[in-house]
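Engineer: Got a predicted structure here, sequence first:
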Amino acid sequence: GIKKQRCTCIILFHNNPTFQHLSCAFRSLVFCLVTALQNARERTLIAVKPDGVQRRLVGQIIQRFEQRGFKLVGLKMVQASHGILSEHYGELRTKPFFQSLLTYMSSGPVVVMVWEGHNVVQASRKMVGQTNPAEAPAGTIRGDFSVHVSRNVVHASDSQEGAQKEIQLWFQGKDLLDWDCCDQIYTIEV
Ligand SMILES: Nc1ncnc2c1ncn2[C@@H]1O[C@H](COP(=O)(O)OP(=O)(O)OP(=O)(O)O)[C@@H](O)[C@H]1O
Ligand SMILES: Nc1nc2c(ncn2[C@H]2C[C@H](O)[C@@H](COP(=O)(O)OP(=O)(O)O)O2)c(=O)[nH]1
Ligand SMILES: [Mg+2]
């Protein structure tokens, strides 16, 4: 993800004849700016699970990501099928709770979202808290709103690679909006 983008960026700025005549300092400055902007475009998949929707927690969960400074770029409410859920939770296929996980996740609507921003994958895992709410500190979503591992309110991608796969699984490219957030220069250094 980011490493590949950095390489592309380096190739663009160091091998492109258009930029050869620019001073080294200026090229470095442009490179830093582009890298900062690309880092700010990291995305993750967050889903409010059926228990979160039933308990009317959607608004509070969205609010936490907004107030942290992340940008919502995709949002939908879906009744998820076992098909999409078994792909989403493919790595847990051999776990004893896999079938009950699918039953619970398809028991009602989920609200699936894509959030964008600097370091959003890692930051949102911290905001969500440990898988088992008993271990999730107060102040995290799971630590504030849940008590049992099987009803832990929210999903968050656990790596950048996982996020990319999950976003492709749940969203079509055209449903993710690339919009300018007017406060962006106040939330990251560019
Ligand atoms: N022992 C368990 N009993 C019941 N459900 C479980 C158990 N372990 C995990 N789950 C459910 O499966 C989900 C996926 O487990 P995983 O290990 O991926 O946790 P997670 O990454 O914290 O959660 P998610 O992937 O939903 O964000 C958990 O969020 C939880 O709802
Ligand atoms: N019933 C039950 N459910 C579990 C257990 N471990 C995980 N889960 C459920 C809740 C998790 O949110 C979900 C996905 O697991 P994960 O991807 O390892 O954790 P997380 O990414 O949700 O934090 O599976 C578990 O031990 N028991
Ligand atoms: Mg997980």
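Structural biologist: Looks like it arrived, so ask away. Ligands and ions are numbered 1, 2, ... in the order given.
Engineer: could you measure the closest residue to Q184 other than its chain neighbours against S124, distance?
Structural biologist: Once flanking residues are discounted, Q184 sits nearest to A40: 7.0 Å by Cβ to Cβ, 6 or more residues apart in numbering. Yep, even glycine has a C-beta here, placed from its N, CA and C like the rest. Counting by Cβ to Cβ, to the nearest Å, the gap from A40 to S124 is 15 Å.
Engineer: Now do the strands for the protein: every range, in order, please.
Structural biologist: For the chain, strands defined by DSSP state E occupy the ranges 43-48, 71-78, 110-116, 154-156.
Engineer: Let me see the mean pLDDT of the longest one.
Structural biologist: To tie it back to what came earlier, the one meant is strand 71-78. Mean pLDDT, strand 71-78: 98.
Engineer: same check, this time on stretch 174-188
Structural biologist: 92.
Engineer: list the buried ones in that stretch?
Structural biologist: C181 (16 or more other Cβ atoms under 10 Å).
Engineer: Return the residues of this structure in contact with ligand 2.
Structural biologist: Within the chain, the positions lying close to ligand 2 (Cβ under 6 Å from any ligand atom) are 92, 97, 101, 131, 149-150, 152, 155, 158.
Engineer: Narrow those residues to just the buried residues.
Structural biologist: Applying 16+ other Cβ under 10 Å to the residues of the chain next to ligand 2 flags 101, 152, 155, 158 as buried.
Engineer: what ranges of the chain fall below the confidence cut-off?
Structural biologist: Applying pLDDT under 70 to the chain flags the ranges 1-38.
Engineer: Please enumerate the helices of this protein.
Structural biologist: Chain-ordered helices for the chain, with DSSP state H as the definition, fall at 2-15, 17-20, 24-39, 50-54, 58-68, 82-88, 98-105, 120-128, 141-145, 160-170, 184-187.
Engineer: Next, the distance between the ends of stretch 151-169.
Structural biologist: 22 Å (Cα to Cα, to the nearest Å).
Engineer: rewinding a little: out of the strands of the chain, indicate the one that is most buried.
Structural biologist: strand 43-48 (a mean of 25; mean count of other Cβ atoms under 10 Å).
Engineer: what angle sits between that strand and helix 58-68?
Structural biologist: 150 degrees (axes from the mean of the first three to the mean of the last three Cα atoms, to 10 degrees).
Engineer: just checking, what packs against strand 43-48?
Structural biologist: When contacts are defined as 3 or more Cβ pairs under 8 Å, 6 or more residues apart in numbering; DSSP states H and E, strand 43-48 sits against helix 58-68, strand 110-116, helix 120-128, strand 154-156, helix 160-170.
Engineer: again, only using 6 Å
Structural biologist: The helices and strands touching strand 43-48, judged by 3 or more Cβ pairs under 6 Å, 6 or more residues apart in numbering; DSSP states H and E, are strand 110-116, helix 120-128, strand 154-156, helix 160-170.
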